[in-house]
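In: build the 3D model from these lines:
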Amino acid sequence: MDKRELKLMAKMMDAFGPSGFEREINRIVKKEIEPIVDEIITDKLGSVAFKLNGDGPKVLLAGHTDEIGFIISSITKEGFLTFNQLGGWWDQVLLAQKVIIRGKKGDVIGIIASKPPHIIPMEERKKVVVKKNMYIDIGVSTKEEVEEAGIRVGDPVVPWSPFQTLHDGKVGMGKAFDDRIGTFVIMEAIRRIKEQGIAHPNTIIGAGTVQEEGGLRGAQTIAQTVNPDVAIVLEVDIAGDVPGIKPHEAATKMGKGPGMITYDRSMIPNQGLKEFVLDIASQGEIPIQLSQMAGGGTDAGRIHVNSSGCPSVVLTVPTRHIHSHIGLLSLKDTENMIKLLVELLKKLDWNTVNSFSEL
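Out: You can find the predicted model right below:
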């Protein structure tokens, strides 16, 4: 990936935007893509869509721009902040992590903490500290000092985790890959199609959706807004190539190519579209991994039941350590996903799209 792409990736991942607070990241998406596309479309929930006009079916490419985070629930008289989660967090990954609280006077750094082990009974030390017993410490000692810092109940919080690369630039590390990497892939595929003059027999509509982590909400409103004929959702998948994960629990591996989800709790993909993706990947000699995610869902869960139905599929970039402060993904997998998406868009004409729903 070139310097421009990496700079954009870092800018998008570092942006502030938990579920319900996506304005900053979606403004970045809009600013970056607006010079390339024919039209910008927004809905009243905050999702942003961008369109390349054409004469064929409307192909929706969706990636959610919200990240998992927190929301301040109370301020103690001693100046500590309690919080609720925005999206799914595992208690065990939270303690001692730095976070950014966005108050009315600006951003404030804090740390998630609890009682130190020295004063916890031995038996209690063996138990996982749960979120309700944690707090955010911003270094003050009174509620008044918190208020002076501009922090209120209802303010959003995200992990402090700046983007960087590892392994000689082959691996990206940072927050918000779930799922800004999907939006990034969409933007770069559209950029290549436009700048390289690649013909496409369809109308392409990319979208950065909001509040996916809160219940796939932006996917529903953007699908109602643009009413697509077919949809490809770009997501992350759980990379199962780490200790303790069995192959049947998470099949994809970082660095072995993009993935395709063949089943999750929110959607069974359209089988014709699934086979089409596999055929195009094979023709383009692009590696692709098959997986399932019985315990999760994606924006496709809402999009595929829009109106009378919309043939949909979910393509992924395998990512280690999702739903934590820091994720890892392969930049080669990301590049291959962009290439695959471009190849799919070159072939999605009316005959092909109609075939997905034929009996």
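In: ends of stretch 155-175, what's the gap?
Out: With CA to CA, to the nearest Å applied, stretch 155-175 spans 19 Å between its terminal residues.
In: so for that stretch, what's the average pLDDT?
Out: Average pLDDT, stretch 155-175: 97.
In: try stretch 259-275
Out: Mean pLDDT, computed over stretch 259-275, is 97.
In: just the residues contacting that stretch, thanks.
Out: Outside stretch 259-275, the residues within contact range by CB atoms under 8 Å, 6 or more residues apart in numbering are 216, 230, 235, 237, 251-252, 277-278, 288-298, 300-302, 304, 311-318, 355-358. From N, CA and C alone the C-beta is placed, and that goes for glycine too.
In: just the ones of the residues you listed in helices?
Out: Using DSSP state H, the subset of the contacts of stretch 259-275 located in helices is 277, 278, 300, 301, 302, 355.
In: which positions within the longest helix along the chain qualify as buried?
Out: Using DSSP H, we find that the single longest helix of the chain is helix 177-195. Going by neighbour count (16 or more other CB atoms under 10 Å), the buried part of helix 177-195 is 177-194.
In: and the closest residue to residue 141 other than its chain neighbours, which of the three is it?
Out: The shortest distance from residue 141 to any non-neighbouring residue, by CB to CB, 6 or more residues apart in numbering, is to residue 79 (5.4 Å). The assignment at residue 79 comes out as coil when based on DSSP: H, G, I helix; E, B strand; the rest coil.
In: who's in contact with residue 79?
Out: 138, 140, 141, 142, 143, 144, 145, 146.
In: now with 7 Å?
Out: 140, 141, 142, 143, 145, 146 (CB atoms under 7 Å, 6 or more residues apart in numbering).
In: with residue 205 instead?
Out: Shown in contact with residue 205 (CB under 7 Å, 6+ apart): 49, 51, 58, 59, 60, 61, 226, 228.
In: re earlier: distance between the longest helix of the chain and the chain's centre?
Out: 12 Å (CA atoms, centre = their mean, to the nearest Å).
In: and the contacts of it?
Out: Residues external to helix 177-195 that are found in contact with it (CB under 7 Å, 6+ apart): 5, 8-9, 12-13, 25, 29, 32-33, 36-37, 52, 61, 63-65, 198, 200, 204, 206, 208, 212, 234-236, 317, 319, 322-323, 327, 329, 334, 337-338, 341-342, 345.
In: right, and the helix or strand after it?
Out: strand 203-209 (DSSP states H and E).
In: give me the distance from the worst-scoring helix or strand of the chain on mean pLDDT to the chain's centre.
Out: Of all helical and strand segments in the chain, the minimum by mean pLDDT, DSSP states H and E falls on helix 122-125, at a mean of 77. Per CA atoms, centre = their mean, the displacement of helix 122-125 from the mean C-alpha position of its chain is 37 Å.
In: mind listing which of the contacts of residue 79 are in helices?
Out: Using DSSP H, 143, 145, 146 are the members of those that sit in helices.
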